[in-house]
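A.B. asks: I need the structure of the sequence given here:
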Amino acid sequence: MFEGADPINNTTTNSTGMKVQCSYKAIDIITQENLTISRAFNGTPPRVPWPPMAPVPEPCQGKASAPAWQLQPSSIVGGIEATRGQWPWQAGLKRSATEKIFCGGSLIDPQWVVTASHCLYEMSKYSEPGKIPHIEVVLGEFNQDKKDRQEIAENVTKLFLHGQYDPETLDYDIALLKLKNPVKLSKIVKPVSLPDESVDFKPGTNCYVTGFGVTEQGGDVATTLQEANVPIVPQETCQAAYKAKKITPRMFCAGFARGGIDACQGDSGGPLVCMNNSKWLLKGIVSWGIGCARPGAYGVYSNVNDLSPWIRDIVASETTETNLS
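C.D. replies: Okay, here's the model as predicted:
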């Protein structure tokens, strides 16, 4: 089911001083043990401004301008423009067809996209019962300013936030989106494979992160898809860089001690992929960091190796439910 393809804003500060992305009202959710499930999307979101790094309105409280831990929501700092179709699993989340991508994601199945919980948490937290916003997932996107006939836009019918997601520490920063319809696969729209828990990407492994986020801290979002080559960092080096901030087994770092290349605002939820036996595997999900591409401040990613059983369980349970209905 998860065989993939070969290669061809708001922010606010939480109680720990970590900057987090804040969005508009969103999803009526139901919590069940290890997952959080939304009802079907069928509404229109309020028009809340979303400039990266800007102060935000209620209900997202806090001092967004305070120097703090800063989440990396979709562009790449120090990267280069990708080749069209090179990363066919790249997804973008939009609030409407006319708005820019606010978070990234990865197609893992014709009907499933994986992203970061922090991209969607505020939506669910401040939702009104029964009021479900419209969220659109775009696939095959290369240039946000040009409409292409090969691009696919699909609505989301279900959202799953990990039941252990912690907005304070950003542990278990992963979410799943079920698309209304399975998408038609093509040269520029293909799923990426999930790694088995046994797959070991050692420190120093060169991987690629992609997205449409800002190309410099505080800058504008990228028009075209960007890519950057970053190595996986030893867990102890990652922990030392962030000192008191706990780097859990559900997290890992990638990047350079000298800085200069990193994910940034707008890249959140997007993919970090690594090659294994001539196949690209989804190793990480863009999660958080201090600033963008700063020396000694690596990008922090959700560890898909550790979280892939949760993904598989959700998809399997939904498939069974569909077959029985």
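A.B. asks: where exactly do the strands run in the stretch 51-200 of the chain?
C.D. replies: 69-71, 76-77, 80-81, 90-94, 103-109, 112-115, 136-139, 152-162, 175-179 (DSSP state E, counting those that start in this stretch).
A.B. asks: Same list, the ones you listed, but as a markdown table with distance to residue 196 and mean pLDDT please.
C.D. replies: Backbone N, C-alpha and C define where each C-beta goes, glycine included. Formatted as a markdown table, the strands of the stretch 51-200 of the chain follow (distance: least, CB to CB, whole Å; pLDDT from 0 to 100):
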| stretch | distance to residue 196 | mean pLDDT |
| --- | --- | --- |
| strand 69-71 | 29 | 36 |
| strand 76-77 | 28 | 49 |
| strand 80-81 | 31 | 76 |
| strand 90-94 | 22 | 94 |
| strand 103-109 | 14 | 96 |
| strand 112-115 | 16 | 98 |
| strand 136-139 | 25 | 95 |
| strand 152-162 | 19 | 92 |
| strand 175-179 | 18 | 96 |
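A.B. asks: out of the ones you listed, nearest to residue 191?
C.D. replies: Minimum separation from residue 191 across the strands of the stretch 51-200 of the chain (CB to CB) falls at strand 103-109, 4.8 Å.
A.B. asks: Kindly export that closest one (C-alpha atoms) in PDB.
C.D. replies: Taking C-alpha atoms only, strand 103-109 is exported to PDB below (Å, rounded to 0.1, in the frame of the first residue of the first chain):
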ATOM      1  CA  CYS A 103       2.000  23.900   5.200                       C
ATOM      2  CA  GLY A 104       3.500  21.100   3.400                       C
ATOM      3  CA  GLY A 105       2.800  17.400   3.400                       C
ATOM      4  CA  SER A 106       3.600  14.100   1.700                       C
ATOM      5  CA  LEU A 107       1.400  11.800  -0.400                       C
ATOM      6  CA  ILE A 108       1.800   8.300   1.000                       C
ATOM      7  CA  ASP A 109      -1.100   6.600  -0.700                       C
END
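A.B. asks: mind putting the strands of the stretch 51-200 of the chain in TSV, distance to residue 270 and mean neighbour count included?
C.D. replies: Compiled in TSV, those are given as follows (distance: least, CB to CB, whole Å; neighbours: other CB atoms under 10 Å):
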stretch	distance to residue 270	mean neighbour count
strand 69-71	13	23
strand 76-77	9	29
strand 80-81	15	12
strand 90-94	7	26
strand 103-109	3	28
strand 112-115	8	27
strand 136-139	13	22
strand 152-162	17	21
strand 175-179	13	24
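A.B. asks: Could you dump these into CSV and include distance to residue 197?
C.D. replies: Below are those laid out as CSV (distance: least, CB to CB, whole Å):
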stretch, distance to residue 197
strand 69-71, 26
strand 76-77, 28
strand 80-81, 32
strand 90-94, 24
strand 103-109, 16
strand 112-115, 16
strand 136-139, 27
strand 152-162, 16
strand 175-179, 18
